[in-house]
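> Provide a 3D model corresponding to the input given below.
(chains A and B)
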Amino acid sequence: DVKVTQSSRYLVKRTGEKVFLECVQDMDHENMFWYRQDPGLGLRLIYFSYDVKMKEKGDIPEGYSVSREKKERFSLILESASTNQTSMYLCASGLSWQPQHFGDGTRLSIL
Amino acid sequence: RKEVEQDPGPFNVPEGATVAFNCTYSNSASQSFFWYRQDCRKEPKLLMSVYSSGNEDGRFTAQLNRASQYISLLIRDSKLSDSATYLCVVFTSGGSYIPTFGRGTSLIVHP
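Next up is the predicted model:
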């Protein structure tokens, strides 16, 4: 069965910390995506990657960076976490530009 | 104006009812369209693609109206298990082929 795995289901960090969210997919997909989902705002694209070491900004990249050193792994980095980055973060992967499979999500709280 | 808009609902319907949701998009250059389903506290899952000619998958029918710039999802003979949030996704080519999610429409099917 296809799998997109996010490293943590729940995470609590402090303001100013550097936070890493990891995502691994086992489907050999070219494209990987990071979204955040907030009540009333829906899913918003932060960054996506269409190949190793390639990345593109989504709708809300400010305060985030990403890393794609290997095809199967796409990391989201909060350089200096702030309380407005408290959210549900969802990773997805797909063969095409369509996010076909999502991970379970990481509920991140910044205190 | 948001690029992709959905009525958040909730749509409250009895089992066996037929229910339809619309999703409007603002960019006439949008090219591909999909419906996802998201259960409470779960990740989104691809439900079906939306083709220009319309397409059907069991009790679900998806249609595209390019002239009026909306897509629709029709669910016949609603089941309790259809209760979920339904997200539409629109792809628009403009440099990168970035998907935009609607905020979702909540459906509650009651006995």
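
> so where is chain B shaky, pLDDT-wise?
Scanning chain B for pLDDT under 70 picks out the ranges B:1-2, B:93-97.

> how about the residues of it near chain A?
Proximity of chain B to chain A (CB under 8 Å from any CB of the partner chain) is limited to residues B:8, B:32, B:34, B:42-46, B:87, B:89, B:91, B:96-104. In this view, the C-beta of every residue, glycine as well, is placed from N, C-alpha and C.

> Inside strands: which ones of those residues?
B:32, B:34, B:44-46, B:87, B:89, B:91, B:96-101 (DSSP state E).

> Which strands or helices does the top strand by length along chain A pack on?
In chain A, assigned by DSSP E, the strand with the most residues is strand A:42-51. Packing contacts for strand A:42-51, counted by 3 or more CB pairs under 8 Å, 6 or more residues apart in numbering or on different chains; DSSP states H and E, involve strand A:31-38, strand A:54-57, strand A:64-70, strand A:73-78, strand B:96-101.

> residues in contact with the spatially most central residue of chain A?
Nearest to the geometric centre of chain A sits residue A:34, at 3.1 Å (CA atoms, centre = their mean). Counting by CB atoms under 8 Å, 6 or more residues apart in numbering or on different chains, residue A:34 makes contact with A:21, A:23, A:45-48, A:58, A:64, A:66, A:74, A:76, A:89-91.

> And residue B:21, by the same measure?
Residues near residue B:21 by CB under 8 Å, 6+ apart: B:6-7, B:9, B:11, B:72-73, B:86, B:105, B:107.

> wait, which of these is closest to chain A?
Distance to chain A across the contacts of residue B:21 (CB to the nearest CB) is lowest for residue B:6, with 8.3 Å.

> wait, doesn't the closest one sit right on residue B:88?
Yes: assessed by CB atoms under 8 Å, residue B:6 is found in contact with residue B:88 at 6.1 Å.

> Compare the two (neighbour count), which wins?
In this view residue B:6 and residue B:88 are compared by other CB atoms under 10 Å in any protein chain shown, and residue B:88 has more residues nearby, 29 against 23.

> gap between the residue nearest to the centre of chain A and chain B?
13 Å (CB to the nearest CB, to the nearest Å).

> Which positions in chain A make contact with chain B?
Of all the residues in chain A, those lying near chain B are A:33, A:35, A:40-45, A:48, A:50, A:56, A:58-59, A:90, A:92, A:97-105, going by CB under 8 Å from any CB.

> PyMOL command to pick out the buried ones of the residues you listed?
In PyMOL, this line selects whichever of the residues of chain A next to chain B come out buried by 16 or more other CB atoms under 10 Å in any protein chain shown:
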select buried, chain A and resi 33+35+42+43+44+45+48+50+56+58+90+92+97+98+99+100+101+102+103+105
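
> I figured residue A:107 hits residue A:88, correct?
Yes: the pair residue A:107 / residue A:88 is scored as a contact, 5.3 Å apart, by CB under 8 Å.

> give me the number of residues near residue A:78?
If we define neighbours as other CB under 10 Å, then residue A:78 has 19 of them.

> what about the nearest residue to it once chain neighbours are set aside, how many neighbours?
Once flanking residues are discounted, residue A:78 sits nearest to residue A:19: 4.1 Å by CB to CB, 6 or more residues apart in numbering or on different chains. Burial of residue A:19 is recorded as 19 neighbouring residues (other CB under 10 Å).
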